[in-house]
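[1] task: produce atomic coordinates for the following.
(one chain, ligands or ions: 2)
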Amino acid sequence: MLSEARNEMLTQTGRGTPMGEVLRRYWHPIAAADQLSRDPVRPVRLMGEDLVLYKDLSGKYGLVDKHCPHRRADLSYGFVEECGIRCNYHGWQFDETGACVSQPYEDVANPGAKFKEKIRITAYPVEERGGLLWAYLGPLPAPQCPDWEPFGWTNGFRQIVFSEVPCNWVQAQENSIDPVHFEWMHANWSTRLDGKTGPYAPTHLKVDFDEFEFGYVYKRITEGQGENSPLWTVGRVCLWPNGFYLGDHFEWRVPIDDHNMLSVVWAFNHVPVERQPFVQDVIPSWESPIKDARTGRWISSHIINQDIIAWVGQGAVADRTQEHLGASDRGISMIRKQWFEDIEAVKRGEDPKGLIREEGRNARVPLPNASQRPYGRMSLDEMKRDPILSKSLKDFVFHYGQPPEVRRAFEEAMGLR
Ligand code: FES
Ligand SMILES: [Fe+2]
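    Ligands and ions are numbered 1, 2, ... in the order given. Here you go, the predicted model:
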């Protein structure tokens, strides 16, 4: 349970708020490179700031304020040039550092006036990793943008999925350190959604939590599972400060503002041995709907859709003054404590947890991986016989609504068609 003041402190994302300042020390995935190749200008709202992400004609990315500093027009209707983005109102143009590089009429009327040099637009750095575009909104110099090891895996079909979720990001991230919900929300509820009353999944007997450099891990023992299972010896990763890593996919809970977040999923499926070498030129990205337009109810058929029902069900901002934490929630208390320590560290002018400052140390950063099965060395027939892989061959299990063209590309990659 938290006091109202502590709950507010944890969940506010704006510039100048304690947690908003912590969040601004990290890189956040805000879009896919694939989206910008299709449409080079995109409005983005991040931690309450309205911005415009673009890819200029030379291939450079920029992230700038939504409003043009001339007369405040909306730059998400601007167009890209060889260098930067141009406002569609009077043609002022800005590069990725925020410098004004062209003012068409001013340049003619007063060529020597240097008016341009006095104009800047707020601009933030953008980097590409794993087909995702990452933004950093904090003080410079920025820490290194992590290139997590799975981003460099080969012979896999990768895809990126986005959903806008109408709730605060903290309650979603608390779900990343919650082993027991898996048994109920995913296993047993799915059984009931299937119209069956059982059998229920093996029950949790023991959970544990550990800290490591880039986050926390949760570990579980369920009925019938030995202590040598990687789910106990390795665990799953609550990636700091707003990610989740499960071996075959990542999830990030990116704050749009205090009451909305962008759920970002990066998923990897090894292709069967007979399809290797496999090279995927473009990582496709798509948006998953979360509400059933017909009934107005949340979609419950897929794993992360189920999680989303828990997150939004807690309210736009979960009221932590009314909760009752038990033994299953020890991990939640640990990460809250860490967030509050991070708030204090940032106030003292220090770095919060898990930043990488050393140049080069961000390359192929390894993470604990509890699903180290012989993936990547299996034939399609073997995959079809594997209880987990056979499901993911039939459907994208994490999110509802995979577009047919992504399904087709997946089937081709796997040798299913
Ligand atoms: S408002 Fe953007 S150029 Fe005038
Ligand atoms: Fe879940």
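
[2] contacts and neighbour counts: CA atoms only from here.
    OK.

[3] elements contacting the helix or strand of the chain with the lowest mean pLDDT?
    Least confident helix or strand of the chain, by mean pLDDT, DSSP states H and E, is helix 387-394 with a mean of 92. Counting contacts by 3 or more Cα pairs under 8 Å, 6 or more residues apart in numbering; DSSP states H and E, helix 387-394 packs against helix 380-385.

[4] and the least confident helix or strand of the chain, how far out from the chain middle?
    24 Å (Cα atoms, centre = their mean, to the nearest Å).

[5] so what touches that helix?
    383-384, 397 (Cα atoms under 8 Å, 6 or more residues apart in numbering).

[6] what do you get for stretch 122-138?
    So stretch 122-138 is contacted by 21, 24-34, 61-65, 96-98, 142, 145-147, 151-152, 282-283 (Cα under 8 Å, 6+ apart).

[7] among the residues you listed, name the buried ones.
    Neighbour-count burial (16 or more other Cα atoms under 10 Å) is assigned, among these, to 21, 24-34, 61-65, 96-98, 142, 145-147, 151, 283.

[8] helix, strand, or coil at the residue of the stretch 251-400 of the chain found nearest ligand 1?
    Residue of the stretch 251-400 of the chain nearest ligand 1, by Cα to the nearest ligand atom: residue 256 (24.8 Å). What DSSP: H, G, I helix; E, B strand; the rest coil gives for residue 256 is strand.

[9] can you lay out the contacts of helix 387-394 as TSV showing neighbour count and pLDDT?
    Converted to TSV, those look like this (neighbours: other Cα atoms under 10 Å; pLDDT from 0 to 100):
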residue	neighbour count	pLDDT
383	21	94
384	16	95
397	15	96
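
[10] now narrow those to whatever sits close to ligand 1.
    By Cα under 6 Å from any ligand atom, no member of the contacts of helix 387-394 lies near ligand 1.

[11] just the terminal-to-terminal distance for stretch 353-361.
    Start-to-end span of stretch 353-361 (Cα to Cα, to the nearest Å) is 15 Å.

[12] pLDDT below threshold where in this protein?
    372-374 (pLDDT under 70).

[13] longest helix of it?
    As assigned by DSSP state H, the longest helix anywhere in the chain is helix 330-347.

[14] mind giving me the packing neighbours of it?
    So helix 330-347, by 3+ Cα pairs under 8 Å, 6+ apart, packs with helix 18-23, strand 204-212.

[15] and those, which is most packed in?
    helix 18-23 (a mean of 23; mean count of other Cα atoms under 10 Å).

[16] show residues contacting the helix or strand following that helix.
    Next along the chain after helix 18-23, taking DSSP states H and E as the criterion, comes strand 27-32. Strand 27-32 has contacts (Cα under 8 Å, 6+ apart) with 44, 46, 131-137, 145, 160, 252, 254, 262, 264, 285.

[17] show me which pair in these is furthest apart.
    Largest separation among the contacts of strand 27-32 by Cα to Cα: 137 and 285, giving 23.6 Å.

[18] can you count the residues close to residue 222?
    18 (other Cα atoms under 10 Å).

[19] residues from the protein in reach of ligand 1?
    Neighbours of ligand 1 within the chain, by Cα under 6 Å from any ligand atom: 68, 70-73, 87, 89-92.

[20] helix, strand or coil for the closest residue in space to residue 43 that isn't next to it in sequence?
    Sequence neighbours aside, residue 52 is the residue nearest to residue 43 in space, at 4.5 Å (criterion: Cα to Cα, 6 or more residues apart in numbering). Here residue 52 is strand, with the state taken from three-state DSSP.

[21] wait, isn't residue 52 in contact with residue 64?
    Yes - here residue 52 reaches residue 64: they are 5.3 Å apart, a contact under Cα atoms under 8 Å.

[22] anything in contact with each of these two?
    Shared contacts of residue 52 and residue 64 (Cα under 8 Å, 6+ apart): none.

[23] touching, the residue of the stretch 251-400 of the chain closest to ligand 1 and residue 50? I think so.
    No - using Cα under 8 Å, residue 256 is not in contact with residue 50; the gap is 9.2 Å.

[24] which of the two has more neighbours?
    residue 256 (26 against 15).

[25] ok, the closest residue in space to residue 239 that isn't next to it in sequence - contacts?
    The shortest distance from residue 239 to any non-neighbouring residue, by Cα to Cα, 6+ apart, is to residue 215 (4.6 Å). Shown in contact with residue 215 (Cα under 8 Å, 6+ apart): 237-241, 353-354.

[26] kindly recompute the last result at 6 Å.
    238-240 (Cα atoms under 6 Å, 6 or more residues apart in numbering).

[27] tell me the phi and psi of it?
    The phi/psi pair for residue 215 (degrees, to the nearest 10) reads phi 150, psi -150.

[28] over to the one 3 residues further on?
    Note on residue 218: backbone dihedrals following degrees, to the nearest 10 are phi -110, psi 150.

[29] number of residues surrounding it?
    Considering only other Cα under 10 Å, residue 218 is surrounded by 23 other residues.

[30] what do you get for residue 148?
    16.

[31] residue nearest the centroid of this protein?
    residue 252 (2.6 Å; Cα atoms, centre = their mean).

[32] secondary structure element for that one?
    strand 249-257.

[33] partner strands of that strand, with direction?
    Strands that pair with strand 249-257, judged by DSSP bridges, come out as strand 243-245 (antiparallel), strand 260-270 (antiparallel).

[34] turn those into TSV, columns for mean neighbour count.
    Formatted as TSV, the strands paired with strand 249-257 follow (neighbours: other Cα atoms under 10 Å):
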stretch	mean neighbour count
strand 243-245	23
strand 260-270	23
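
[35] tell me which of these lies nearest to residue 81.
    Closest among these, using Cα to Cα: strand 260-270, at 28.5 Å.

[36] helix or strand next in line after the closest one, which one?
    Following strand 260-270 toward the C-terminus (DSSP H and E): strand 285-287.

[37] quick one, what contacts residue 244?
    Taking Cα under 6 Å, 6+ apart, we find residue 244 in contact with 176, 237-238, 250-251.

[38] how near is it to ligand 1?
    40 Å (Cα to the nearest ligand atom, to the nearest Å).

[39] what about the closest residue to residue 352 other than its chain neighbours, neighbour count?
    Leaving aside its sequence neighbours, residue 352 sits nearest to residue 342 (Cα to Cα, 6+ apart; 4.6 Å). Residues lying near residue 342 (other Cα under 10 Å) number 22.
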